[in-house]
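**Q** what follows is a protein structure lacking sequence information:
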């Protein structure tokens, strides 16, 4: 007797037309304006979607290459999406080419609702917590890498201050390698952040070119808030004045600054040094 088709696969919708309305909508999420209006974003690749699943997220739409979900991880992801009540689209190679990234395209992607949380109440922050605040980050690759690093060191969350790039852009999400599903994200205007900052109980650490203290010089008073400025201009003077400590990363070469993601990683790992063990 011929076996019946897998019920998860049978419940999907086949899509081969580039003019399909769902295809057009998913493509439109490339635009920040549409992401802002809808509160949705696209995540691509099996490993990233596994991270979403393991973090308890549920997709609204799953799109996968026709014939790829009959077994293995893709089949598991399809069952997860079906179980979450997501719309599942089995798409042709041509359609996938329009939906997926141009570089290193994946065979599965999903649409999720963005998640933003309120700024933490300083009085309720755990005594050993580390939070990261970023002022007007411009590069989505940097932002995604920083979110990934925050996840790696066990930071409690990331605050985006002012006119930051979008952490839910495709480039940023890809750079997080799935950490966007694990790290709480907060949005604040600079004025609101400055009003909130004096309530912080521990050290507020900022990196600054005029600082005299080596970032490795001593222990930081917990809970710790690390404040990093944007690429190029660095930390604004108004935010620098709100720091309890300004530190500097020493360099022996001709350059006087590092890539933002690299600098953030160095300081985060130093702050979390006592909590990280093999």
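**A** Sure, I can see it. All of these numbers come straight from a predicted model, not from anything done at the bench.
**Q** okay, which residue is most central for the protein?
**A** residue 180 (3.2 Å; Cα atoms, centre = their mean).
**Q** so who does the residue lying closest to that residue once chain neighbours are set aside touch?
**A** Leaving aside its sequence neighbours, residue 180 sits nearest to residue 173 (Cβ to Cβ, 6 or more residues apart in numbering; 5.4 Å). No exception for glycine: its C-beta is placed from N, CA and C like everyone else's. Residue 173 is in contact with 41-44, 48, 144, 167, 180, counting by Cβ atoms under 8 Å, 6 or more residues apart in numbering.
**Q** and if we set it to 7 Å?
**A** Counting by Cβ atoms under 7 Å, 6 or more residues apart in numbering, residue 173 touches 41, 43, 144, 180.
**Q** what's the answer for residue 112, then?
**A** Counting by Cβ under 7 Å, 6+ apart, residue 112 makes contact with 40-41, 43, 52, 57, 59-60.
**Q** just to revisit the earlier point, what residues of the strand or helix carrying the residue nearest to residue 180 count as buried?
**A** Using DSSP states H and E, residue 173 falls within helix 170-176. Buried residues in helix 170-176, counting neighbours by 16 or more other Cβ atoms under 10 Å, are found at 170, 172-176.
**Q** and it, what's its mean pLDDT?
**A** Averaging pLDDT along helix 170-176 gives 97.
**Q** equivalent analysis for stretch 38-45, please.
**A** In this model, stretch 38-45 has a mean pLDDT of 97.
**Q** then stretch 213-224?
**A** 93.
**Q** about what we covered before: helix or strand right after the helix holding residue 173?
**A** Downstream of helix 170-176 (by DSSP H and E), the next one is strand 185-188.
**Q** C-terminal to that following strand, what's the next element?
**A** Downstream of strand 185-188, the first helix or strand assigned by DSSP H and E is helix 190-196.
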